[in-house]
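>>> got a structure for you, letters missing:
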């Protein structure tokens, strides 16, 4: 019995140590971004065909049931998960002891690390970049919560397609553009530069 308790204690300590290991969070972010990158050619091709048809009279896109937005929703979902891990990597670095203690005590991820709201995580990371990119982060959060995972939102309120921003105004957040890939990469580069994190995309 004592041996089992010791083993359990060892596992709990390993868990707590892993929770505050910023490199693990960053590595997961890199894996997610590498997976998202595989979708980029499909998204770019779909947008190119769409623009050629709309503005140059080119042939209609093949109706295969998948347009740029279908690929893009999944791309943005993966990108959102990656940004989530990037922000959490910084958070566990800054609040290492507190988070480690909570993980030891509860044997679970602390609430802040179970949060998927990128705007809130940006605030916890004290990121100026995140605050300036509130619209994109809110759009990405939607993809992480439902737009890349389910055929509809997780509540009736999601049908409104708007959210209340920090300035008190409601803005439309459910849309996709041909610039999203560049915008996401720019955001990630800015975050990593600001937070002094080393990640290649």
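Sure, I can see it. All of these numbers come straight from a predicted model, not from anything done at the bench. Numbering: from 1, shown residues only.

>>> CA only for contacts and neighbour counts going forward, please
Fine.

>>> tell me the strands in this protein, going along the chain?
Taking DSSP state E as the test, the strands found in the chain are 162-164, 170-172.

>>> could those be laid out in JSON lines, adding mean pLDDT?
Shown next, in JSON lines, are those (pLDDT from 0 to 100):
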{"stretch": "strand 162-164", "mean pLDDT": "89"}
{"stretch": "strand 170-172", "mean pLDDT": "89"}
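
>>> Burial-wise, tell me which of these comes out on top.
Each of the strands of the chain was assessed for mean neighbour count using mean count of other CA atoms under 10 Å. The highest is strand 162-164, with a mean of 15.

>>> by contact count, what packs against it?
strand 170-172 (3 or more CA pairs under 8 Å, 6 or more residues apart in numbering; DSSP states H and E).

>>> which other residues reach the strand it packs on?
The contact list for strand 170-172 (CA atoms under 8 Å, 6 or more residues apart in numbering) reads 161-165.

>>> do the same with stretch 191-201
Against stretch 191-201 from outside (CA under 8 Å, 6+ apart): 26, 30, 33-34, 86, 90, 127, 129-130, 185.

>>> what would the contacts of strand 170-172 look like in JSON lines with distance to residue 110?
Formatted as JSON lines, those follow (distance: CA to CA, whole Å):
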{"residue": "161", "distance to residue 110": "30"}
{"residue": "162", "distance to residue 110": "29"}
{"residue": "163", "distance to residue 110": "26"}
{"residue": "164", "distance to residue 110": "26"}
{"residue": "165", "distance to residue 110": "26"}
